[in-house]
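S.K.: 3D model of this:
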Amino acid sequence: MVSKKRKREEKNKTQLKKPRTAPGKHLPKGTNVTKTEFRVAKIVIPGQAGAPSQGGPTTSKRLGLKEVLHKLGHFSQTVRSDGLEGLKELLSSKTSATLVNSNLAFILTSLVPVTQDKERKLRRLAISLLPLVLSDVSPSLLTPLHSLLSAHLCCSLTHIDPRIQQDGLTMLDTLLDKAPGFIRSNYNFLLPNCLDQISNKKVGEKGPSVAANMTETMTALEWRVLVLTRVDRVLDTVVQEKEESRISSTVNGNKSVVFSPGLSCPVTSICSPTWLPMSSLLSRTTTSSMLTNLKLVMPLLVETWVEARANETNSRKGSALTSQVGDLLMCEAGVMDKLLVLALDNSEGGDREAVLKLVNDKYMMDIKQHFLLHMPYTSQGKSADQANAILCCISLSVTHTMEDSLLEVAVGVAASKNILSSTRLRLARRLLLRSQLTVEQRDRIVLALVSMLEMDIGKEKVDTLDLLREQAMQWPQAGVTSWVESLPNQLLSQVKVEQVELVLNTCLELAKTCNKSLARQFLANWQDIQGSLDNPAFKSCKSSLTQKLEFIKHHCDLCIPASIA
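M.R.: Sure, this is the predicted structure:
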């Protein structure tokens, strides 16, 4: 049975509560109650147009340079991208040159760190803005910022992310084109960081080894070609600067002086140095930086080439190369050649004999076995022919004697068509100094130089004429003698003053050495040569040209008297 207490509880559950007020009437709510609860929402504003900057150009959003550069350090990717687009707009305006020159440090300090941004789009946009910044900047303004550029570029080249490393190579290309002065003053720091991309960090007894790095879109060989191409361009920039400074010092040393009565021209400078550096009192024990770079680079080049040749699948692993391997050979030959040129340069502070001993003792055997043994190389395009010529120059600059088979290959390369004129001239000059050459080999080289004269202009033509003139004085053989006899006829066919002066200067130097082959032809064509100066194009300088002709005739008359002629 259910107790009374339980029944009472069940009844209370179902019984409706009685209202405390009459039906239809409610108590009013309190009007003096303050609600303490409230809601908070965070509002993020990516950017807002403020007051336009005074005294400078602005973007379409009315932002000046200061506001745009401030956005580059923002944590939001959208804001950084908006800042880069605004900076691009400012750099594309007509007043960009003035804007950059007056705010160069501010711009580069804000822009260069973005080149290492984790977002690929922002990195590439920042690198694309560097040419706009550096195109109108003088080297003197950029020099104080070299340390900033060097630090960020080296960080990009050695970054842990391979994608940032590749974009670092693109940044290096920009600086090679727009700031060669920066490359020349910092190449000792850039080369090791650039080579770190293709070398293992652990260095063995033979030097650093090649790293097997590759990405999803690029093989290891393609990456190495990209890196070595940049190394070659860096070294080429330095070598060109050395060559230009050498030429300028030679030109400045040979100054023309206008004669006047009582003029004093001292043969040597009598001015003594006003100070003596303390470093000159100490013996130098430090090694050359280029010698260190040589030890770093040479093992990488040899190992990279051996691995590239081992991966070839064609049945003939001799002189035939694929286009990709041919490009690699061109890069490696260029890097080796320029490293040796800089290391053998006495002005670099290195010991020439120490460099030659190092190369011959440590690397020459590998160079002969892996590079010189299968020459001449062939491939699609002209890269293999140019590489053949550079490898021959390397062998001639390092070794005192050359095997007959390799010497014949070098002569054939010098006479080939698909090489640069400057490289052909270097190779020909080094070959003509060798007493091992036969008469036939020497004539082939001379014939190639004569063919160059018909196509080249400028400095290469002047150097070629000087080399042929030296050859005519030292080795008057059949090939060079026929060229000497053709010089008077070349005077009759020239229509430009510059070309006539080059030929006249060559004839004058040869006539002073009593060259009978030139004297006979010159005297036989004397009347025609005199008449060729009546050309209206020679009117402004006819007197100087006539004077040189008289000098040449005077020496020719001394060489071959009129009774004999």
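
S.K.: Identify the residues contacting Phe522.
M.R.: 487-488, 507, 511, 529, 552-553, 556 (Cβ atoms under 8 Å, 6 or more residues apart in numbering). To be clear about C-beta, it is placed using only N, CA and C from the backbone, and glycine gets the same treatment.

S.K.: By pLDDT, give me the weakest of those residues.
M.R.: Lowest pLDDT of those: Ile529, 84.

S.K.: Next, count neighbours for the nearest residue to that one once chain neighbours are set aside.
M.R.: Leaving aside its chain neighbours, Ile529 sits nearest to Leu491 (5.4 Å; criterion: Cβ to Cβ, 6 or more residues apart in numbering). For Leu491, the count of nearby residues is 21 (other Cβ atoms under 10 Å).

S.K.: Just give me how far the helix or strand containing Leu491 sits from the chain centre.
M.R.: Assigning secondary structure by DSSP states H and E places Leu491 in helix 478-493. Helix 478-493 has its C-alpha centroid displaced from the chain centroid by 39 Å (Cα atoms, centre = their mean, to the nearest Å).

S.K.: Counting by contacts, list what that helix packs against.
M.R.: Packing partners of helix 478-493 (3 or more Cβ pairs under 8 Å, 6 or more residues apart in numbering; DSSP states H and E): helix 439-453, helix 459-474, helix 497-512, helix 516-524, helix 526-532.

S.K.: Give me the angle between it and helix 459-474.
M.R.: 130 degrees (axes from the mean of the first three to the mean of the last three Cα atoms, to 10 degrees).

S.K.: CA atoms only: put helix 478-493 into CSV for me.
M.R.: As requested, the backbone C-alpha atoms of helix 478-493 are provided in CSV (Å, rounded to 0.1, in the frame of the first residue of the first chain):
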residue,chain,number,x,y,z
ALA,A,478,105.0,32.1,-94.6
GLY,A,479,101.7,32.7,-93.0
VAL,A,480,102.5,35.9,-91.2
THR,A,481,104.7,37.2,-94.2
SER,A,482,101.7,37.0,-96.5
TRP,A,483,99.7,39.1,-94.1
VAL,A,484,102.5,41.7,-93.9
GLU,A,485,102.6,42.0,-97.7
SER,A,486,98.8,42.6,-97.7
LEU,A,487,99.1,45.6,-95.4
PRO,A,488,99.7,48.2,-98.2
ASN,A,489,96.6,47.0,-100.1
GLN,A,490,94.6,47.2,-96.9
LEU,A,491,95.4,51.0,-96.7
LEU,A,492,93.9,51.4,-100.2
SER,A,493,90.6,49.6,-99.2
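
S.K.: tell me which residues of it are tucked away?
M.R.: 479-481, 483-484, 487-488, 490-491 (16 or more other Cβ atoms under 10 Å).

S.K.: so who does the residue nearest to Ile529 touch?
M.R.: For Leu491, the contacting residues are 500, 503-504, 507, 529, 532, by Cβ under 8 Å, 6+ apart.

S.K.: Following element in sequence after the helix ranked longest in the chain, please.
M.R.: In the chain, with assignment by DSSP state H, the single longest helix is helix 220-253. Once the chain leaves helix 220-253, the next helix or strand it forms, by DSSP H and E, is helix 289-310.

S.K.: Which strands or helices does that following helix pack on?
M.R.: Counting contacts by 3+ Cβ pairs under 8 Å, 6+ apart, helix 289-310 is packed against helix 180-195, strand 207-210, helix 220-253, helix 323-343, helix 352-358.

S.K.: Adding mean neighbour count, write those out as a markdown table.
M.R.: A markdown table is the format used below for those (neighbours: other Cβ atoms under 10 Å):
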| stretch | mean neighbour count |
| --- | --- |
| helix 180-195 | 19 |
| strand 207-210 | 18 |
| helix 220-253 | 16 |
| helix 323-343 | 22 |
| helix 352-358 | 15 |
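
S.K.: what's the closest of the ones you listed to Leu84?
M.R.: Across the helices and strands packed on helix 289-310, Leu84 has its closest neighbour in helix 180-195 (22.3 Å, Cβ to Cβ).

S.K.: can you put the helices and strands packed on helix 478-493 in TSV and add distance to Glu222?
M.R.: Below are the helices and strands packed on helix 478-493 laid out as TSV (distance: least, Cβ to Cβ, whole Å):
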stretch	distance to Glu222
helix 439-453	35
helix 459-474	34
helix 497-512	45
helix 516-524	55
helix 526-532	57
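
S.K.: The closest residue to Lys362 other than its chain neighbours: what's it in contact with?
M.R.: Closest residue to Lys362 apart from its sequence neighbours, by Cβ to Cβ, 6+ apart: Met298 at 7.8 Å. If you count contacts by Cβ under 8 Å, 6+ apart, Met298 has them with 207, 336, 339, 359, 362-363.

S.K.: can you do 10 Å?
M.R.: Counting by Cβ atoms under 10 Å, 6 or more residues apart in numbering, Met298 makes contact with 206-207, 335-336, 339-340, 358-359, 362-363, 366-367.

S.K.: quick one: Met298 and Glu403, what's the gap?
M.R.: Met298 sits 22 Å away from Glu403, going by Cβ to Cβ, to the nearest Å.

S.K.: picking that back up, ChimeraX command to pick out the buried ones of the contacts of Leu491?
M.R.: Burial among those is assessed by 16+ other Cβ under 10 Å; the matching ChimeraX selection reads:
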select :500,503,504,507,529,532
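
S.K.: Which pair of the contacts of Leu491 spans the longest distance?
M.R.: Most distant of the contacts of Leu491, by Cβ to Cβ, are Cys507 and Ser532, 13.2 Å apart.

S.K.: Give me the common contacts of those two.
M.R.: Joint contacts of Cys507 and Ser532 (Cβ under 10 Å, 6+ apart) are 491, 549.

S.K.: And the residue nearest in space to the middle of the chain, how far from Arg309?
M.R.: Centroid-nearest residue in the chain: Arg233, 2.8 Å away (criterion: Cα atoms, centre = their mean). In this structure, Arg233 and Arg309 are 24 Å apart, going by Cβ to Cβ.
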